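# Predicted model and sequence follow; I will ask about them next.
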There are 2 protein chains.
Amino acid sequence: MGRPREFDLDERLDLALRVFWRHGYEGAALSDLTEAMGISRPSLYAAYGNKESLFRKVVDHYLAGPASHLRDAAGEATGRAAVERLLRGAVAVVTARDHRGCLVIQGALATGKQADPARAELVARRRAATDRLRERLERARVDGELGADVDTAALAGFVTTVSYGLSVQATDGATPEELHAVVDVAMSAWPG
Amino acid sequence: MGRPREFDLDERLDLALRVFWRHGYEGAALSDLTEAMGISRPSLYAAYGNKESLFRKVVDHYLAGPASHLRDAAGEATGRAAVERLLRGAVAVVTARDHRGCLVIQGALATGKQADPARAELVARRRAATDRLRERLERARVDGELGADVDTAALAGFVTTVSYGLSVQATDGATPEELHAVVDVAMSAWPG
DNA sequence: TCCATTCTGTACTGATAGGTAAGAAACGGT
DNA sequence: ACCGTTTCTTACCTATCAGTACAGAATGGA
């Protein structure tokens, strides 16, 4: 009961995502967020908590939506297919119209102390993604897809390194075609 | 003539570099800079101009000093040696003690509008580095080191992509050993 | 119809951001 | 010793930051 909220939580969260995506955690002022979301400051605080709390919700929303390829990649039949899907999906996300780069990578990389919690949050997310990929590659080795001599940790590290780099390249204005050519080269490092 | 300056310009510029390196352009407050540099605010403005101007001088100082491997790499005898020097040098820089990542990559990636000039500056620097690498690889093809079928633009893009990714990996706490293993995998993509 | 509850808009808070005015202090030249 | 010049210190400026107090408005239940 009580007065009903006049906006949809998820819909406005998506608008907040656009702001954080483009300007990062520090670069997104609360006035930018409220303006883009079309709600007042107290409404924002009541609905999502403070800026840090809103950012976490945005990151969840991002990983469940635009960046869902991360979650889906591990489901591919082979390790190679998982890696290729991860990288091709990354190209699509980081070159999306109006949003260059990846939120989880660029949202809070080198920051002031005020943004430390946001930075730590993204570090944890990236490490988790790397761990999931390494586990997927270890499974590929168990399945016989990869030789016993393959360093799966190094391979997983390489793939995530490339995906991080793709995000920066997109910020610099690289086209999807250019980045797919980069992925082609990266895939040629696949063992065997 | 006039009252002599009580500090050394280059020495204090190096202290400013440490602040920008760790916290980025936006995350480095002027009070952080003056405190680290040990000079007063008006002294900073008189000696280096405003924050943006100081940042440009810091970037120059960074590329001439800690990140000089970028400039040196092109001088290697072969294209392959240039690439390897670039990547091994990148590992050393981004895992340096007390400073995770690369200033030119992380200093201003996703920012508010106030940091737009700094962001544009770093984009231009990164593009220039990619261009120099591509030219070096084209020379390698003329020299017969690379086959006529090699896409030098894609290869240069791949190498810079990896170097960008190394910076993010270092921020996430990767060790030099882990990153050298990543470079090993990356070098295995070298054509031929 | 009245009430407890919840949301909304206005207006505000203290803190901090980048940047500067003004005068005292330290020089070289004469 | 005096002068023009440059740097240094103190104190201040306006704008903006994240966050909130408070009262009015809209609901469901009794």
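Alright, I've got the coordinates.
# Figure out how far the longest helix seen in chain A is from the centre of its chain.
If you go by DSSP state H, chain A has its longest helix at helix A:116-142. Centroid separation between helix A:116-142 and its chain, computed with C-alpha atoms, centre = their mean, to the nearest Å, is 12 Å.
# Same question for stretch A:70-81.
16 Å.
# Quick one: end-to-end length of that stretch, please.
Start-to-end span of stretch A:70-81 (C-alpha to C-alpha, to the nearest Å) is 13 Å.
# Tell me the buried residues in it?
Within stretch A:70-81, the residues scored as buried using 16 or more other C-beta atoms under 10 Å in any protein chain shown are A:70, A:73-74, A:79-80. No exception for glycine: its C-beta is placed from N, CA and C like everyone else's.
# Mind listing residues that contact that stretch?
By C-beta atoms under 8 Å, 6 or more residues apart in numbering or on different chains, the residues outside stretch A:70-81 that reach it are A:63-64, A:82-83, A:85-86, A:89, A:129, A:132-133, A:136-137, A:139-141, A:143, A:145-146, A:187, A:190.
# which of the residues you listed come close to DNA strand D?
Filtering the contacts of stretch A:70-81 for proximity to DNA strand D by C-beta under 7 Å from any atom of the strand leaves nothing.
# Output the residue of chain A whose distance to DNA strand C is smallest.
A:G2 (2.0 Å; C-beta to the nearest atom of the strand).
# quick one, phi/psi of that residue?
phi 100, psi 170 (degrees, to the nearest 10).
# What is the burial count for it?
4 (other C-beta atoms under 10 Å in any protein chain shown).
# likewise A:V142?
Around A:V142 there are 9 residues (other C-beta under 10 Å).
# What's the first helix or strand after the helix or strand of chain A with the lowest mean pLDDT?
Least confident helix or strand, chain A: helix A:69-73 with a mean of 95, by mean pLDDT, DSSP states H and E. Per DSSP states H and E, the first helix or strand lying C-terminal to helix A:69-73 is helix A:79-94.
# Touching the next helix or strand after that next one from outside, list them.
Downstream of helix A:79-94, the next assigned helix or strand under DSSP H and E is helix A:103-106. When contacts are defined by C-beta under 8 Å, 6+ apart, helix A:103-106 is touched by residues A:17, A:20-21, A:24, A:58-59, A:62-63, A:67, A:122, A:125-126, A:129, A:164, A:167-168, A:171, B:109-110, B:168.
# Quick one, which of the residues you listed are buried?
Among the contacts of helix A:103-106, the ones that count as buried by 16+ other C-beta under 10 Å are A:17, A:20-21, A:24, A:58-59, A:62-63, A:67, A:122, A:125-126, A:129, A:164, A:167-168, A:171, B:109-110, B:168.
# near DNA strand C, which residues of chain A?
A:1-7, A:39-43, A:46-47, A:112.
# Any chance you could list what contacts stretch A:30-40?
Contacts for stretch A:30-40 (C-beta under 8 Å, 6+ apart): A:7, A:12, A:15-16, A:18-19, A:23, A:41, A:44, A:47, A:51, A:54, B:112.
# Can it be said to contact DNA strand D?
Yes: shown here: stretch A:30-40 in contact with DNA strand D (C-beta under 7 Å from any atom of the strand) through A:30-32.
# What mean pLDDT does that stretch get?
Stretch A:30-40 comes out with an average pLDDT of 98.
# Sort out which residues of it are buried, please.
Of all the residues in stretch A:30-40, those buried under the rule 16+ other C-beta under 10 Å are A:32-34, A:36-37, A:39.
# same check, this time on stretch A:135-145
A:136-138, A:140-141, A:145.
# Chain B: which of those residues is nearest?
Taking C-beta to the nearest C-beta as the measure, chain B lies nearest A:L137 of the buried residues of stretch A:135-145, at 11.8 Å.
# May I have stretch A:154-169 as PDB, with CA atoms only?
Provided in PDB are the C-alpha atoms of stretch A:154-169 (Å, rounded to 0.1, in the frame of the first residue of the first chain):
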ATOM      1  CA  ALA A 154      47.600 -18.700 -19.700                       C
ATOM      2  CA  LEU A 155      45.100 -19.400 -22.500                       C
ATOM      3  CA  ALA A 156      42.200 -18.000 -20.400                       C
ATOM      4  CA  GLY A 157      44.300 -15.100 -19.400                       C
ATOM      5  CA  PHE A 158      45.100 -14.400 -23.000                       C
ATOM      6  CA  VAL A 159      41.500 -14.500 -24.100                       C
ATOM      7  CA  THR A 160      40.400 -12.100 -21.400                       C
ATOM      8  CA  THR A 161      43.300  -9.900 -22.100                       C
ATOM      9  CA  VAL A 162      42.200  -9.600 -25.700                       C
ATOM     10  CA  SER A 163      38.600  -9.000 -24.700                       C
ATOM     11  CA  TYR A 164      39.800  -6.200 -22.400                       C
ATOM     12  CA  GLY A 165      41.800  -4.700 -25.200                       C
ATOM     13  CA  LEU A 166      38.800  -4.800 -27.600                       C
ATOM     14  CA  SER A 167      37.000  -2.500 -25.200                       C
ATOM     15  CA  VAL A 168      39.700   0.100 -25.400                       C
ATOM     16  CA  GLN A 169      40.000  -0.200 -29.100                       C
END
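# Switch the buried residues of stretch A:135-145 over to TSV; also include pLDDT.
As requested, these are exported to TSV (pLDDT from 0 to 100):
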residue	pLDDT
A:R136	98
A:L137	98
A:E138	97
A:A140	97
A:R141	97
A:E145	97
